[in-house]
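**Student:** sequence first, then the predicted structure, then my questions.
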Amino acid sequence: FNKLLGNPTSLAIAQLRMMVPVGLVSAFLNNTPVVAIMIPIVQSYANRIRMPVSQFFIPLSFASILGGTCTLIGTSTNLVIAGKYEQ
């Protein structure tokens, strides 16, 4: 995971590098377990690059939510809406 995230030069780049893989994973898995698994990884990443951990938690959550809305299986709400749409 460290090779994917690399050594960013700014906070915005660090957040973006963290958000892209989280969004991709969240598109196919439930959001809550993705965030729960990623919290310690994000904490160690933020500590390694010497940036405040608190600046990564909201982007982590938003990336998970956004990824979940991209596919039908990402969130249960998408399945409900798809079912209603077919009726």
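**Tutor:** Arrived safely.

**Student:** tabulate the CA atom coordinates of the lowest-mean-pLDDT helix or strand in the chain in PDB.
**Tutor:** Least confident helix or strand of the chain, by mean pLDDT, DSSP states H and E, is helix 2-5 with a mean of 72. Extracted C-alpha coordinates of helix 2-5, given in PDB (Å, rounded to 0.1, in the frame of the first residue of the first chain):
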ATOM      1  CA  ASN A   2       2.900   2.300   0.600                       C
ATOM      2  CA  LYS A   3       4.000   2.200  -3.000                       C
ATOM      3  CA  LEU A   4       0.500   3.200  -4.100                       C
ATOM      4  CA  LEU A   5       0.400   6.100  -1.800                       C
END
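
**Student:** for that helix, list every residue counted as buried.
**Tutor:** residue 5 (16 or more other CB atoms under 10 Å). No exception for glycine: its C-beta is placed from N, CA and C like everyone else's.

**Student:** stretch 74-87 too?
**Tutor:** Buried residues in stretch 74-87 (16+ other CB under 10 Å): 74-75.

**Student:** can you tell me the element the residue most central in space within the chain falls in?
**Tutor:** For the chain, the residue nearest the mean C-alpha position is residue 22 (3.0 Å; CA atoms, centre = their mean). Using DSSP states H and E, residue 22 maps to helix 11-26.

**Student:** what sits against the closest residue to residue 72 other than its chain neighbours?
**Tutor:** Sequence neighbours aside, residue 78 is the residue nearest to residue 72 in space, at 4.9 Å (criterion: CB to CB, 6 or more residues apart in numbering). For residue 78, the contacting residues are 68-69, 71-72, by CB atoms under 8 Å, 6 or more residues apart in numbering.
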